[in-house]
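Q: Sequence unavailable; structure follows:
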């Protein structure tokens, strides 16, 4: 029903991904497959809904209506089998904003905050900038996949107040299993640790896997969990800055809201609300078809590397549209690897080193794009390696 092969020219749209290539990579003639937005067009039903609202000549302050909440609650029930209540849902312009607010709300200077690198790098900034103590529970890489080091997690938990969980995990593409989540949750409960669960990629699950919201596993876990979701990755509307933060615990919710109100981040984005409501009401088929297409991109990359570039491997993909590529056998890492890809291959990827310990020698590649770009990027890569 949807054409994901369609090439959308994004130059001249103030696109971070395309219009700022020279600033990011030092040259403009780079194929950008780095920042996590897709090169698929935003689904038509969202464009129509936003266009209809834009036709009204006043764009004043707006509040989220009942229909907005109902669309999101119904989506989470359909897609993730989790029953939400309206009063649990709090607005944030973005999940990075919410993570920073949560660190401020639930910890004080010097408190320990656990992260699981290699992981989404703004997590590190939320700890450093707020003068908290970063505790690395580094993931274990074995047989081209990642596992949680639960032994190390138990040790780090003794000096932590908070954990920042990436679920599904960005950048390593893990979709945590029920048993893994239960084990992590048990350690957190035993040590009175609050869990900030970044589930922005919850809807982007590959065949054979299922996303489980951590807070849906038990009443106990729900009481210590702050779940972060958004339509931004799901429907390619990141520029509309609208996220849903789910906090059942009334005390935690009040502390979070107090921080948000202290910097006046209380008003929703008018068009973000319209886009989210349309996506959550009408987007099931689009997401299913989009992820089926992305899955084919993952398969193509995996087969291409195995047959044509055996020195480069891809971690087993379970979720997201982000491929995690292992270049360690090339003997290059860090700046040398990144510069070679930019200067000689003409490809712009995300360097693994920015994702913290364990990221050296890896690169993150965005496969949320027409296959034409994927084929082009791999061909350019093969000429260099």
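A: Structure's in. What do you need? Keep in mind that this is a model prediction, so the values were computed, not measured.
Q: tell me what the lowest-mean-pLDDT helix or strand in the chain is packed against?
A: When each helix and strand of the chain is scored by mean pLDDT, DSSP states H and E, helix 334-340 comes last, with a mean of 94. Judged by 3 or more Cβ pairs under 8 Å, 6 or more residues apart in numbering; DSSP states H and E, helix 334-340 is in contact with strand 350-351. Backbone N, C-alpha and C define where each C-beta goes, glycine included.
Q: Give me the mean pLDDT for the strand it packs on.
A: Strand 350-351 shows a mean pLDDT of 98 in the predicted model.
Q: what does it contact?
A: If you take Cβ atoms under 8 Å, 6 or more residues apart in numbering as the criterion, strand 350-351 is touched by 34, 35, 171, 334, 335, 337, 338, 359, 363, 364, 365, 366.
Q: In its sheet, which strands sit next to the next helix or strand after it, and in what direction?
A: Downstream of strand 350-351, the next assigned helix or strand under DSSP states H and E is strand 362-366. For strand 362-366, the pairing partners within the sheet under DSSP bridges are strand 322-326 (antiparallel), strand 350-351 (antiparallel).
Q: per-residue confidence averaged over strand 362-366?
A: Strand 362-366 comes out at a mean pLDDT of 98.
Q: same deal with stretch 63-81?
A: In this model, stretch 63-81 carries a mean pLDDT of 97.
Q: strands paired with the helix or strand following the least confident helix or strand of the chain, and their directions?
A: Sequence order places strand 347-348 as the next helix or strand after helix 334-340, per DSSP H and E. Strand 347-348 has the following strand partners under DSSP bridges: strand 31-32 (parallel).
Q: Other residues contacting the strand it pairs with?
A: Contacts of strand 31-32 with the rest of the structure, by Cβ under 8 Å, 6+ apart, involve 17, 18, 21, 24, 25, 346, 347, 348, 373, 376, 377, 380.
Q: same thing but 10 Å
A: 10, 15-21, 24-25, 39, 345-349, 366, 369, 373-374, 376-377, 380 (Cβ atoms under 10 Å, 6 or more residues apart in numbering).
Q: What subset of these is buried?
A: By neighbour count, with 16 or more other Cβ atoms under 10 Å, the contacts of strand 31-32 hold 10, 15-18, 21, 24-25, 39, 345-349, 366, 369, 373-374, 376-377, 380 as buried.
Q: Could you pick out which of the contacts of strand 31-32 are located in strands?
A: With strands defined by DSSP state E, the entries of these inside them are 347, 348, 366.
Q: For those residues, give me a markdown table that also has distance to residue 126.
A: Listed next are those as a markdown table, based on distance: Cβ to Cβ, whole Å:
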| residue | distance to residue 126 |
| --- | --- |
| 347 | 29 |
| 348 | 25 |
| 366 | 23 |
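Q: I'd like to know which of these is nearest to residue 86.
A: residue 366 (34.1 Å; Cβ to Cβ).
Q: so who does the closest one touch?
A: Applying Cβ under 10 Å, 6+ apart, the residues near residue 366 are 17, 32-39, 297, 320-323, 348-350, 373-374, 377.
Q: repeat for residue 271
A: Taking Cβ under 10 Å, 6+ apart, we find residue 271 in contact with 46, 49-51, 53-54, 59, 62, 237, 239-242.
Q: on that earlier part again, can you tell me which of the contacts of strand 350-351 is nearest residue 269?
A: Closest to residue 269 out of the contacts of strand 350-351 is residue 35 (19.6 Å), distances taken as Cβ to Cβ.
Q: so how far is residue 368 from the residue nearest to that closest one when sequence neighbours are not counted?
A: Once flanking residues are discounted, residue 35 sits nearest to residue 17: 5.0 Å by Cβ to Cβ, 6 or more residues apart in numbering. Look at residue 17 and residue 368: by Cβ to Cβ, to the nearest Å, they are 11 Å apart.
Q: go on, residue 210?
A: According to Cβ to Cβ, residue 210 and residue 368 sit 20 Å apart.
Q: which of the two has more neighbours?
A: Each of residue 210 and residue 368 has its neighbours counted (other Cβ atoms under 10 Å); residue 368 has more, 23 against 13.
Q: ok, now how distant is that one from residue 4?
A: 9 Å.
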